[in-house]
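Engineer: I would like to see how this sequence folds:
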Amino acid sequence: MSLHYEIAPPLVAEGPARPERSRGPLIVLLHGRGSNERDLLGLRPFLPPEATVVCPRAPHAGDRWGYGPGWAWYRFLGNRTPDVESFEESQALLEEFLRDLPALLPDPVGPLVLGGFSQGGVMSLAYALRGGSSASKGERVHVPHIVNLSGFLPEIPTVDLARARLENVRFFWGHGALDRQIPMEWAEVGRALLRDVAADLEAIDYEAGHTIPREELTDLTRWLPTGEDP
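Structural biologist: Reported below is the predicted structural model:
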């Protein structure tokens, strides 16, 4: 695999609660700056029990940019702008990870969801909005459900809303109105740009800072796709 990762399998076995013909969603969660692949595993109890949750680790050591002992998806330059080199490297590795992942799972899964918190949310948005181009060799993985928790829409050349393929793609964007790290103004800008291209967007604000409140998890669980027939 291109990225180290942790897997949290479904909390229910096949049976009356999880029929054999119904497959829970595969939820890939990307952690924030200076964290690691185990961080968002803490959300597992609040997500649908039939879901498979996979949490990869970002490829860049955070301490090289002063982000602490954890990991980072890119170097942040300020004002919604990532460093192009580190950002594109992570996007390419993420695409490779998504392409290889199904073959490594012990059981079949349902709809694919890609999301994350802070930097992880930025990466998820960008993956869906890369102008339909592939970051690496091979067929690009289509992700129909994108989750951004307290991230922003990055200003980077490969994120091209005019060329992005948004058919059959849904977006969930939750943000804290009191967020001082990624201000609400950045969320408003990104949401407006998505609405300008008629994206299927559900945007909800919370009386919270740079965190994931319980109310947001409740809304996210409602929004997530249900299982699908094989």
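Engineer: could you use CA atoms for every contact and neighbour count after this?
Structural biologist: Fine.
Engineer: can you give me the strands for the chain?
Structural biologist: 5-8, 26-30, 52-56, 60-61, 71-72, 76-78, 81-82, 112-117, 145-149, 170-176, 200-206 (DSSP state E).
Engineer: can you give me the helices in the chain?
Structural biologist: 84-104, 119-128, 184-196, 214-223 (DSSP state H).
Engineer: tell me what the third one is packed against?
Structural biologist: Using 3 or more CA pairs under 8 Å, 6 or more residues apart in numbering; DSSP states H and E as the contact criterion, the neighbours of helix 184-196 among helices and strands are strand 170-176, strand 200-206.
Engineer: and stretch 167-178, what's buried?
Structural biologist: Under the neighbour-count criterion of 16 or more other CA atoms under 10 Å, stretch 167-178 has 170-178 buried.
Engineer: which one of the residues you listed is nearest Arg222?
Structural biologist: Nearest to Arg222 among the buried residues of stretch 167-178 is Phe172, at 10.8 Å by CA to CA.
Engineer: surely the closest one and Gly151 touch.
Structural biologist: No: applying CA atoms under 8 Å, one finds Phe172 not in contact with Gly151, separated by 11.2 Å.
Engineer: what's the closest non-adjacent residue to the residue positioned nearest the centre of the chain?
Structural biologist: Residue closest to the average C-alpha location in the chain (CA atoms, centre = their mean): Gly115, at 1.6 Å. Closest residue to Gly115 apart from its sequence neighbours, by CA to CA, 6 or more residues apart in numbering: Val147 at 4.1 Å.
Engineer: residues in contact with the one you found?
Structural biologist: 113-116, 121, 124-125, 171-173 (CA atoms under 8 Å, 6 or more residues apart in numbering).
Engineer: what's the pLDDT at it?
Structural biologist: Looking at Val147, its pLDDT reads 98.
Engineer: hey, what's it bridged with?
Structural biologist: Gly115, Phe172 (DSSP bridges).
Engineer: tell me the spacing between the closest residue to Ser86 other than its chain neighbours and Phe152.
Structural biologist: Distances taken as CA to CA, 6+ apart place Tyr74 nearest to Ser86, at 4.9 Å, with adjacent residues excluded. Distance from Tyr74 to Phe152, counting by CA to CA, to the nearest Å: 13 Å.
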